[in-house]
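Peer 1: Provided below are the primary sequence and the corresponding predicted coordinates.
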Amino acid sequence: MRTTALVIGGGATGVGVARDLALRGVDTTLVERGALAAGTTGRSHGVLHSGARYAETDSDDAAACLAENRILRDIAPACIEETGGYFLHLDGDDPDYFERKRTACEELGMAVETLSGAAFRERVPEASPAVERALAVPDAVVSPARLVVANAHAARDAGATLHTHAPVEDIHVDGGEIDRVDVGGRLDATIRADTVVNATGPWAEECAALAGVSVPMRPTRGVMVAVPNPGVDAVLNRCRPPADGDIVVPRADEAVLGTTSVAVGDPDDFERTDAEVERTVAECAAMCPGVDAPVRRTYWGVRPLYAPDEAARGDARAISRDFALLGHRDEGAAGLYTIVGGKLTTYRRMAEATADRVCDRLGVSAACRTAERPLPGADDPAELDGLLDEFGVDAPADGR
């Protein structure tokens, strides 16, 4: 088989890259070892971040979140539930931290509102009496499953070819250039490509090693706990430095509680502890007592954290949530690119940056159009839901 660009990975970033390249006229093929969204994308908590979570620690990343939040509302409204969000200051929390976050959000140009505890409980009666004040921010909830199938459908319509259950078995380099990729599973073929994109999330280090190059990762596991929704209709964030059990996400009749952050050696084989589930429920119940209820289900995701700085690897929560785009020419694998880190909210921006680099190599001058072009089914959730089984999406975040 022959293709101009081969994308490895069928999460949001991978299908986003395939869509972007195909729209620029690049002959593009995507391979995914399992089902679409089966990795980090489908196991996230599904928050469309406003940037408030990172505002006081990483203003550039926060600004990117805010910009992409606005873009996705325009191009993919059927994938988004306009819940709004709040950062909650509880009795005993650091008041200076609340002020720093509010100031940082305002400096980004974010529309925020400060509410007293009583005023907040008028909006969210299920909230704890311990909430002293709240900062309203433009968070929302996104459906990872719908977002992935919308991008996959758009990529296919633009000419891309997508293969699921097609694991990469080897990547061959010849004369310092990417040459071909052996793919097993249902495809069972060798694909020759002018350029290859490694968009495999927490598996990026393993994938890169097949080509003899290095991508130092520090993947961390996190649990999501789904309980009956006691009536919460907005994203609730604890206004403190990131810690276990600091977010409650409404999803129809469920509230998804998250999360933990524990380093893992193997993204496919890691421990899942009852203690993390119990701690997550207890911490979230401090914000909203009604979520301390029988657990309906749990699912675990692995964050694709890029950690080139050995000194930072000991504290996973200190590793940047921004993305990194790596070219491997200096390691003797020109034409191979790795996109790691980031988050679901910024998947489109990550895809654009990657497609820009690929097109530079290929001599393609077409500009990115994904920020203005609506995704398929933009205003029709039923159309997207009809595609879920066709594409075989695996997304526990959506209950699939």
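Peer 2: Good, I have the coordinates.
Peer 1: Any figure for the gap between the residue most central in space within the chain and residue 176?
Peer 2: Central residue of the chain (C-alpha atoms, centre = their mean): residue 344, 2.4 Å from the mean position. For residue 344, the distance to residue 176 equals 35 Å [C-beta to C-beta, to the nearest Å]. In this view, the C-beta of every residue, glycine as well, is placed from N, C-alpha and C.
Peer 1: ok so, going back, so what pLDDT did the residue nearest to the centre of the chain get?
Peer 2: Residue 344 carries a pLDDT score of 97 in this model.
Peer 1: Grab the nearest non-local neighbour of it.
Peer 2: Leaving aside its chain neighbours, residue 344 sits nearest to residue 44 (5.3 Å; criterion: C-beta to C-beta, 6 or more residues apart in numbering).
Peer 1: so what's residue 132 up against?
Peer 2: Counting by C-beta atoms under 8 Å, 6 or more residues apart in numbering, residue 132 touches 89-91, 93, 116-117.
Peer 1: any chance you could read off phi and psi for it?
Peer 2: phi -90, psi -30 (degrees, to the nearest 10).
Peer 1: Listing partners with orientation, what would you give for the helix or strand encompassing residue 192?
Peer 2: Here residue 192 is covered by strand 189-198, with elements defined by DSSP states H and E. Applying DSSP bridges, strand 189-198 is found paired with strand 2-8 (parallel), strand 177-183 (antiparallel), strand 336-341 (parallel).
Peer 1: Next, the contact list for the residue nearest to residue 344, please.
Peer 2: By C-beta under 8 Å, 6+ apart, the neighbours of residue 44 are 144, 224, 301, 343-344, 397.
Peer 1: coming back round to it: packed most tightly, which of the strands paired with strand 189-198 would that be?
Peer 2: strand 336-341 (a mean of 27; mean count of other C-beta atoms under 10 Å).
Peer 1: Moving C-terminal from it, which element do we reach first?
Peer 2: Next along the chain from strand 336-341, counting by DSSP H and E, comes helix 347-362.
Peer 1: what's the helix or strand following that next one in contact with?
Peer 2: Later in the chain than helix 347-362, the nearest helix or strand by DSSP H and E is helix 381-391. With C-beta under 8 Å, 6+ apart as the test, helix 381-391 has contacts from 35-36, 78-79, 143, 145-146, 148-150, 152-153, 162, 164, 376-377, 400.
Peer 1: Cross the residues you listed against helices and list the overlap.
Peer 2: Of the contacts of helix 381-391, the ones assigned to helices by DSSP state H are 145-146, 148-150, 152-153.
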